[in-house]
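K.L.:
fold the following for me, if possible:
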Amino acid sequence: MKILLSSALALTLLASPLLAHAQDACAPGASVDTRLAAALARPDRPDNQTALDPVRESEDRFLLSWIKPGDHVLDLGAGGGYSSMLLSAAVCGGSVDSQNPAQWDNAFKQGPARAAMAQARPNIHLVQSDFDKVPVPAKPYDAIFIGTIYHDTYNEPGANGVAMDKALNATLKPGGLVIVVDHATARGAGTTQTSSLHRIDKQVVLDDFKAAGFELLADSDALANPADDHTLKVFDPAIRGHTDRFALVFKKPE
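P.N.:
Coordinates of the predicted model:
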């Protein structure tokens with residue numbers, strides 16, 4: 001005898017393994033690997049994001065090692081929203097503010113994709129502001145992620161890294177974190193290659209955050225690539241996705 005299921009019940013049963021996996025990822029003590037796998041397995045992720053997973057895996061793992069369920073996170077310079085969607089799954093019942101400057105949304109026509117992302121993920125809220133004018137949220141951020149765009153902030157008119165970092169400091173709770181990943185230059189290059197090669201000297205970032213009142217919590221080589229000689233633009237096919245990147249974590253004093 002055949003048993004006919006309603007379409008709603010069938011969909012529920014089909015989705016249950018994924019739901020269980022997501023619940024496991026949000027359980028206390030879930031490993032980074034479990035949480036990352038669940039975040040990447042979400043079926044609403046667009047193809048242009050899933051295509052990036054192989055080259056983003058190390059960065060994703062580093063990021064999620066500092067983010068916990070329930071966190072309120074700012075994704076600064078979120079672009080098309082790859083990290084915003086990753087974070088929205090990783091924070092579970094928490095929330096993500098996905099920030100872009102207006103000129104980014106307009107110049108790169110990212111508005112429709114970002115609106116669709118926010119509609120698909122209710123815990124993602126869109127913020128459109130200058131990098132140094134992010135509104136202070138009603139609930140301070142637990143963490144801020146600045147993923148390979150710190151150098152871009154130096155390409156904005158009147159850029160001042162220290163002033164921007166001080167403004168971000170005001171949006172964080174005491175003890176809150178800022179996680180910075182970016183493409184490295186040769187030592188001593190400063191900010192001379194932020195536009196030409198889209199790279200920045202790690203020392204500039206260290207100095208900026210120290211001057212803004214942050215403490216350095218971690219300086220990781222998890223994303224380092226000694227084979228990158230720092231001479232190529234980060235979009236060059238010979239190095240794209242495999243640049244030498246520094247990974248820093250700063251803490252707002254408690």
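K.L.:
for burial, what's the neighbour tally of residue 103?
P.N.:
Look at residue 103: counted by other Cβ atoms under 10 Å, it has 11 neighbours. Yep, even glycine has a C-beta here, placed from its N, CA and C like the rest.
K.L.:
three-state assignment of it?
P.N.:
helix (DSSP: H, G, I helix; E, B strand; the rest coil).
K.L.:
per-residue pLDDT of it, please?
P.N.:
With respect to pLDDT, residue 103 scores 90.
K.L.:
quick one: the helices in this protein, in order.
P.N.:
Using DSSP state H, the helices of the chain run over residues 7-25, 32-40, 47-50, 53-64, 82-90, 102-107, 111-120, 150-153, 161-169, 202-211.
K.L.:
so which of the ones you listed is the most packed in?
P.N.:
helix 82-90 (a mean of 26; mean count of other Cβ atoms under 10 Å).
K.L.:
and that helix, what does it pack onto?
P.N.:
Packed against helix 82-90 by the contact rule (3 or more Cβ pairs under 8 Å, 6 or more residues apart in numbering; DSSP states H and E) you find helix 7-25, helix 32-40, helix 53-64, strand 72-76, strand 95-100, strand 124-128, strand 141-147.
K.L.:
and it with strand 72-76, angle?
P.N.:
When axes from the mean of the first three to the mean of the last three Cα atoms, to 10 degrees is applied, the directions of helix 82-90 and strand 72-76 differ by 170 degrees.
K.L.:
measure the residue nearest the centre of the chain to residue 200 for me?
P.N.:
The centroid of the chain falls nearest to residue 83 when counting by Cα atoms, centre = their mean (4.1 Å). Per Cβ to Cβ, to the nearest Å, residue 83 is found 18 Å from residue 200.
K.L.:
correct me, but the residue nearest to the centre of the chain touches residue 67?
P.N.:
No: Residue 83 lies out of contact with residue 67 (Cβ atoms under 8 Å); the separation is 10.3 Å.
K.L.:
what is in contact with these two at once?
P.N.:
Residues touching both residue 83 and residue 67 comprise residue 145, with contact defined as Cβ atoms under 8 Å, 6 or more residues apart in numbering.
K.L.:
distance of the residue nearest to residue 62 when sequence neighbours are not counted relative to residue 65?
P.N.:
Once flanking residues are discounted, residue 62 sits nearest to residue 222: 5.0 Å by Cβ to Cβ, 6 or more residues apart in numbering. The gap separating residue 222 from residue 65 is 9 Å, by Cβ to Cβ.
K.L.:
which one of the two has more residues nearby?
P.N.:
The residue with more neighbours, out of residue 222 and residue 65, is residue 65; 17 against 14, by other Cβ under 10 Å.
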